[in-house]
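[1] Fold the following and give me the result.
(chains A and B)
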Amino acid sequence: MKKFKSATKMDYNFKEIEKKWQQYWEENKTFKTPDDTSNPKKYYVLDMYPYPSGAGLHVGHPEGYTATDIVSRYKRMKGFNVLHPMGWDAFGLPAEQYAIQTGTHPSIITNKNCDTFRRQIKEIGLSYDWDREINTTDPDYYKWTQWIFIKLYNTWFDFEQNKGRDIKELIVPADLVSKGSEAEKEYIKSKRLAYYDNAQVWWCNSCKIVCANEEVLTDGSHEKCGHTVEKKNLKQWMLRIHHYGDRLLQGLDGLDWQDGVKDMQRNWIGKSVGAEVDFTIDGLDEKIKVFTTRPDTLFGATYMVLAPEHELTKKITVKEQLENVEAYIKAAGLKSDLDRTDLAKDKSGVFSGRYAINPANNEKIPIWIADYVLTGYGTGAIMAVPAHDTRDFEFAQKFKLKINCIMDPETPDEDVRKAVLKGEMSWTEGGRYINSSNSQSGLDINGLDKAEGIAKAIEWLEDNKLGEKKVNFKLRDWLFSRQRYWGEPFPVIHWEDGEISLLEENELPLILPELEKFEPGNSGESPLSNAGDWLNVVDENGRKGRRETNTMPQWAGSCWYYLRYIDPLNTGAIFDKKKEKYWMPVDLYIGGAEHAVLHLLYSRFWHKVLFDLGIVSTDEPYTKLFNQGMILAFAYETQTGAKVGGDFVEQKESKFFHKETGEELKQIVAKMSKSLKNVVNPDDVTSKYGADSLRLYEMFMGPLDAAKPWDDKGVKGVFGFLAKAFRFFANTENITEEEDDKETLKALHQTIKKVESDIENLHFNTAVSAYMIFTNHVTKKGKVSKKTAETFALILAPFAPHLAEEFWQIYGHNDTLSYEPWPQVNESYLTEASFEYPVSFNGKMRFKLELPVDVDKAGVEKAALEDERTHKWLEGKTPKKVIVVPGKIINFVI
RNA sequence: GCGGAUAUGGCGGAAUUGGUAGACGCGCUAGACUUAGGAUCUAGUGCCGCAAGGCGUGGGGGUUCGAGUCCCUUUAUCCGCACCA
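    Residues are numbered from 1 along each chain as shown, chains lettered A, B, ... in the order given. Next up, the predicted model:
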C-alpha cells in the first residue's frame, strides 16, 4: 500500500515562502507607486516614521506598520492608487552622543542603524514603495527643511485676515516709520513667524543642550536623560506658533481623530477668553495690566499679585519691604518647577507695601508678590478675587486678606450658600451679583447672572478705556534651536554690524560641515562654533559675518516629511504642485500616542503656514489619525514588589517562582524594558514563526488602540492557524472543480464581508478570527472549490501576504495578487430561508425555535405559543404579554 | 484638582440600532493516531449544583417586555495636563 505524502512536504515552510515573495516584490517593484494622477481614487497611508535607534526594531513598531500595510494592500485591491512610504527621522541625540564618545561621525552610525531598520522592516513584508524612502539627514532633504525655515522667517500672521502672509505685505504703522529704520526693523521682527531673541531656556548640564519646555518633565528633569535642568538666558530662534493658536484650535473640529488626542491638543493650546484690565498704582505713575477671565468679579478684587519675575515687582516695592521682596524673588528663582508645584497647597508670598486702585470702586487694594502667579501666562499679574477663585481664597486665608463676596451662589445647599456669603468659602460657579454697584465708577451688575455680568463688565471697561476684551493662549512660542551638531544647520548669517540675513534659495542646502570634535561648549555653545572656515563669511563689501551655530530640533524634519514622500527626488522644488494636489491630504496616519501633542501640533502649524502661502493645497495635513496602543509584556515581581528579570523566572504549573530563591512570584503586565528582561525582538519572532505569524498576531492581540500584553503562546496560536490553512489550501487534493455547497458559500461571503468592514473600521482583531472560522469550516468539509480557495487567498492577502501569494501561485497564477480586484460580497448567499428564534421568558432565553423567515409577527407568536416547551415554561399560566421582534427574538412576560 | 480612556471566564479578547453574553485564540480536561512527542485530529470547558435549576459583564440604584450596551451614583486602574487667573 502506498504511503501518504510525507508529512514534511506538507509542512508550512514559512522561511522559504516568505523569502521567495519578498524577493519577488523587490525584483518586480510590485509596490512602486504609480505617478499616474488620473485615477480619481487615491489613498495616502502614512506611518510615523521611526528614529533609527541602535537597538533596532521593537515589536511596538510593526503594530502600526502592519495595520497601515493591511489598509494599503486592501485599498490597492479596491482599485485605489496607494501612496505608502517609509523613511527615517535620523537626526537625533543618541548618534551624536555616540559620536562624542567614539569620535565616529554620526552619519556613520545613523546609516548603519537605517540599514538594520530597513532590513527588519523588509522582513515583515510591508508593502512600502522603497523608491520614495527619505532620510531627514540627507542634504537633499534638509535643503527643503531650511527652505521652509526661510519661509517662516518671511511670513507674518495677519489677524484681520486670519492667515499668514508674506512679510513684504506687512504695512509698518506710520508713527514707527517716522521713528526710523531701526524701529521699523524691530516692528517687522516682532511679526515674523521665526525670530531670534533672548530667551530664558531650560539647560541640561548633562546633555549640554537647551530643551524645549515640552522636553522638561514636571519634576524638573530632562525627558531624555533624567538630569535636572536649570534656567539659562541665551539668544535663540523662536517660532511664533501662538499666532496660529485659533487656527490650530478651529482646524481640529473637522478632523477624524480620536477625541482624546483632540482634547489633548485643545488643552495644550489652552485658549481662554477674558479681559485685560489696567490698575493704577497709588503714589506711582505706573499701571499694572492684568488678564482675567472674570472681569465680572472686579468688585470682589481685594488685592493684586505680581509674579516675582514681573518687570514692575521691584519698582513698586516700598523701601521698607525691599529687602523682603528681594529675598523672596531670589528664593523663587531658585525653585524648580517641581518645588513650585509641590508647594501648591502651601502658598507663599510677600507684601510689596504698595497699593493699587480698584477701578470698579476706587478702593485701595494691597499689591503682593507671589509665585503662584506665573510669569509666562497672561500678563504675569492678577487681580485677586478670593471670594470667587479657589487659589486666591487659599492665599487670602493664609495672609488674612479681605474676602469680599459679590455673588449670591446658585446652589440648593443652604450651608454652602451661607458660608460663601460670609466669605468662609469660595464660589466659582454661577449665581446673581450682590455688592456690585458703584455710582462713582458707573458700573452696576447687581442682580445679573454670570454670562450677563461678564459681558457688561467688558463693555464698561472698554467704554471707560480701563481695559479690553482679550483672548489668551497657554501655547507659548516654540524654542526652535539646539546647541547640537547633528541637526539641520540654520541658513542664517549674523553680520558684525548686528544684522541677520538668511541665505537665498539657490544657496541651499547649507551643508553640515565635517568636524573632528562633537562636544558642545560648557557655556551653551554649539559644537558648530568649532567649524573653522565654514563659520566665517564675508560679503561683497568686505563685511564679516558668522554663520548661526545652533541647529534645528529633531521636530523640524518630521514637521513636513509627509510632503516630501509625494515627490522625493525633485531637485528643483520641494515637490511638484500637481502631485501634491493629487495626494494630499494624508488619508490615514497611524502612530504612537506619545506624539499626540507636539509632533502633530508642530506639523499642523507648519502645514497651515504653507497653506496660507499657497504652497500646499489643504489647510490640514492629516484627515484621519489613529493612535495605536502600547504593546506591554509580562513581568514578575516578588511579594514585596521587587521586580525580577525574566531570566530568573521559572514556571511550575500555573505559578511562577524565582529560579534561585524559590520564592513565588507574581505575574504583572508592564512596559517592555531592558531591566525587566521582557523585551520582545521581532527578529526572534520572524525566525521562529515567520513574518505572517508576527503580522497576524500583532493584529489578533486585541483592538489596535488598546494597550495589551505580548504573549508568546498567542503567536504560537496564530502560527497554528496559518499552518492549518497551509495544510488545507496548499494541498491541491482539497481543491475541486465542483461547486461549493450553500453553507460554504455563505461562510465565504460572510468572511469577505466581515474582513472588508473590519479593515475599513480598523478592527483587525476580529478579521483574523473570521479567517479562523472560515478555515475551521472548510477543513471540516474536506473539499473546497477552486474559486472559493482563490477568493480566500485574495482576502487573506492584506494580513498574511506571503502565504496568500503562495496559494495564488499554487492555483496557477504567475503574477502577484496585489492588484487583483477585491472579491465582491454576494448578498444572496447570506440570506437564510429560516431563522432560529431565541424564545425567552421574562427575558431569559430558554430554548430555540426554528421558523421560516417569511412568517409574520402573528404567525411567529402562534407558533411559539403552540410549542410544547412553551407550555412547560409557562407552567399553565397565561402570559401577560408576548413580545415578538421578527428576525430577532420572542419574549413571554409572565 | 481638571480632561480622556478602561473594567466581561484561568488568560488575550468577541458581542450593528438595547434583543441568544463569552465569537476566535490561549490554557485546561478526556480521548484517537502515533517512530508516545512542545505534532495532528475529535469532544468538552463562565461559575455553583448529581440534577432540575440558580447565579453571572467592577459595586449600588434606575428606565425597559428585555441592559455588557441607555440614565444616575460609586470604586479601581491607566494616560495626558496641572497654581493657566
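
[2] mind listing what the spatially closest residue to A:Met552 that is not a sequence neighbour touches?
    For A:Met552, ignoring the flanking residues on the chain, the nearest one in space by CB to CB, 6 or more residues apart in numbering is A:Glu488 at 4.2 Å. The C-beta positions use only the backbone N, C-alpha and C, and glycine is treated the same way. Counting by CB atoms under 8 Å, 6 or more residues apart in numbering, A:Glu488 makes contact with A:91, A:136, A:142, A:145-146, A:149, A:512, A:551-552, A:556-557.

[3] so which of those residues comes closest to RNA strand B?
    Nearest to RNA strand B among the contacts of A:Glu488 is A:Ala556, at 20.4 Å by CB to the nearest atom of the strand.

[4] so the closest one is in which element?
    helix A:555-558 (DSSP states H and E).

[5] Neighbours of whichever residue of the stretch 51-200 of chain A sits closest to RNA strand B, how many?
    In the stretch 51-200 of chain A, no residue comes nearer to RNA strand B than A:Glu63, which is 12.6 Å away by CB to the nearest atom of the strand. Residues contacting A:Glu63 under the criterion other CB atoms under 10 Å number 22.

[6] residues contacting it?
    Applying CB under 8 Å, 6+ apart, the residues near A:Glu63 are A:628-629, A:631, A:698, A:704.

[7] repeat that with 7 Å
    A:628, A:631, A:698 (CB atoms under 7 Å, 6 or more residues apart in numbering).

[8] bridging residues for the second one?
    With beta bridges defined as DSSP bridges, A:Ile631 has these partners: A:Lys708.

[9] Report the secondary structure element holding the closest residue to RNA strand B within chain A.
    Proximity to RNA strand B, evaluated over chain A using CB to the nearest atom of the strand, is greatest for A:Gly717 at 2.6 Å. Taking DSSP H and E as the criterion, A:Gly717 maps to helix A:712-729.

[10] Ramachandran coordinates for the residue nearest to A:Gly349 when sequence neighbours are not counted?
    Counting by CB to CB, 6+ apart, A:Gly349 lies nearest to A:Ala370, which is 3.1 Å off, once chain neighbours are set aside. Per-residue torsions, A:Ala370: phi -150, psi 150 (degrees, to the nearest 10).

[11] what's around A:Ala370, how many residues?
    The burial count for A:Ala370: 22, using other CB under 10 Å.

[12] same deal with A:Leu46?
    A:Leu46: 23 neighbours (other CB under 10 Å).

[13] Can you give me the pLDDT of it?
    In this prediction, A:Leu46 carries a pLDDT score of 97.

[14] which residues touch A:Leu284?
    Contacts of A:Leu284 (CB under 7 Å, 6+ apart): A:Ile316.

[15] And it, what's its pLDDT?
    Looking at A:Leu284, its pLDDT reads 90.

[16] Quick one: name whatever helix or strand follows the helix or strand of chain A with the lowest mean pLDDT.
    Lowest on mean pLDDT, DSSP states H and E among the helices and strands of chain A sits helix A:337-342, with a mean of 56. As assigned by DSSP H and E, the chain's next helix or strand after helix A:337-342 is strand A:350-357.

[17] contacts for that next one?
    In contact with strand A:350-357 (CB under 7 Å, 6+ apart) are residues A:279-282, A:288, A:304, A:316-318, A:320-321, A:324-325, A:328, A:364-369.

[18] buried ones in that strand?
    Buried positions in strand A:350-357, judged by neighbour count with 16 or more other CB atoms under 10 Å: A:350-356.

[19] circling back: number of nearby residues for the residue of chain A closest to RNA strand B?
    Neighbour tally, A:Gly717, other CB under 10 Å: 15.

[20] and what of the one 4 residues further on?
    The number of residues packed near A:Phe721 is 21, by other CB under 10 Å.

[21] for A:Asn198, same thing?
    10.

[22] Contact partners for it?
    A:233, A:235.

[23] what pairs with it across the strands?
    Beta-bridge partners recorded for A:Asn198 (DSSP bridges): A:Lys235.

[24] now swap in the one 5 residues further on and tell me
    Residues in a beta bridge with A:Trp203, per DSSP bridges, are A:Val210, A:Glu230.

[25] What of A:Gly274?
    A:Lys470.

[26] The one 5 residues further on now?
    For A:Phe279, the beta-bridge partners are A:Ile288 (DSSP bridges).

[27] My read is that it contacts A:Phe291, right?
    No. In this structure A:Phe279 lies outside contact range of A:Phe291 using CB atoms under 7 Å: 12.0 Å.

[28] Which pLDDT value goes with the residue nearest to A:Met552?
    96.
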